[in-house]
Structures are given as C-alpha cells and as structure tokens.
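> turn this into a structure:
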Amino acid sequence: MEFSEIQLTVEMNSFVDYLSEDDDIIDETEDFKILRQSLGIELDICALHNIYYSNGRVGYNGNIHVYFNSQRKDTFLLLDLGSEADGFDLVHMVIRYQRDKKSIIKPLSRKFYDRTELDIFYLEGMTIERNSRLMTDLSKYPKKKNISSLEYLQDIEFYQEGEKIDFKIDLTEIYSWPFTKEK
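You can find the predicted model right below:
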C-alpha cells in the first residue's frame, strides 16, 4: 500500500467557526470536519482549540499530537501545537493518507487551506527537513524548545478513536517498504 502526505501551516482559529461575536461558542468548520471524517479520524477540535488558548500562554508547551485513523495507524493527522511567539498562533499539520484516496483527500485539504486567513505553507508531498517520519521519531522526544525567553520540553502524544493512548507508539515500521513504497 502506498501513502502520500500533505503538509500545511495554518492559524489555530482555522479549525473552528465562532457562532457569535458576543461569546466564545465555537463549532468545527465544515471543511475540516469533512476532511477529518474522510481520513476516518475522531478528534474534538473544539476541545483542543479551547485547551490551546486556556493557559494564557498560547501555543507554549504545545506538544505534537498524532491522531490515528480509527482502524489503522499508518493513516493519521499530525498537529504540531508548539506555536512560535509571533502572535499568529500557527499550527503545523501533516496529513498522511493512503494514496488511493488522493482524489478525495487532496481537494478537501486544499479547500480547507484556501479558506484560511493567512497563506503560510502548503505542500503536497514530503520534504527532507520536515515530514511525518521525522516528526514521529520517538528518539527526538522530549525535545527542548526555546520560544522567546521561555524554554520547555515538547513531547509527542498519540490518539485513536477520540482517546489519548497511554503509551508512545514507534511508527518506524510504517515507513519501511512495502508500507511506503514509492514509484
């Protein structure tokens, strides 16, 4: 089975719609919901959004979150919640999916990205510097991060079927042939 990746960097607010200007009631955006469901991933993005903004230190101490497909661990959505101190609240997202679903996933991810306010980063494929294989390498965690004058240890967390998995998962085998055989 062959896999592809799409990487994008978006502002955290791209995942939700504010239902009223008078309060902070939010709902998952329809385009992200359809993308997430097409990947077979359960994720309460509204709860994650609220946690992201809850401690007054937006993005600081943000871990890498990997949300697996409900049936498979080789298909996932990765969110790097460790935002820089730039005021944009940017989240890096990697979508890893079965290549035979490209005709579904690619247009959905592009639609989601094109709707965002900031045109930051969108890439179909992988780069040597930043890809899911590097970002899920357990030997790199916890990783020391410096943002402005703050220092913290970023860790990686895994989720499936809407629940946090209590242990770390070594994904090395999903990147070995035949799992990711490229043409």
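> surely residue 89 meets residue 10?
No: counting by Cβ atoms under 8 Å, residue 89 sits too far from residue 10 to count as a contact (9.5 Å). The way it works is simple: take the backbone N, C-alpha and C, and place the C-beta from them, glycine included.
> and those two? Which one has more around it.
Between residue 89 and residue 10, counting by other Cβ atoms under 10 Å, residue 10 is the more crowded of the two (25 against 20).
> look up which helix or strand that one falls in, please.
Element membership of residue 10, judged by DSSP states H and E, is strand 3-11.
> centre of the chain to that strand, how far?
8 Å (Cα atoms, centre = their mean, to the nearest Å).
> show residues contacting that strand.
Here strand 3-11 makes contact (Cβ atoms under 8 Å, 6 or more residues apart in numbering) with 74-75, 88-99, 102, 105-106, 109, 112-113, 116-118, 120-127, 130-132, 179-180.
> partner strands of it, parallel or antiparallel?
Take DSSP bridges as the rule and strand 3-11 pairs in its sheet with strand 90-98 (antiparallel), strand 121-124 (antiparallel).
> centre of the chain to the first one, how far?
Taking the mean C-alpha point of strand 90-98 and that of its whole chain, the gap between them comes to 5 Å (Cα atoms, centre = their mean).
> all further residue positions should be reported with the first residue as 19.
Taking 19 as the first residue, the last one we looked at is strand 108-116.
> list the buried residues in the very next helix or strand once past that strand.
Once the chain leaves strand 108-116, the next helix or strand it forms, by DSSP H and E, is helix 120-133. The neighbour-count check on helix 120-133 (16 or more other Cβ atoms under 10 Å) flags 123, 126-128, 130-131 as buried.
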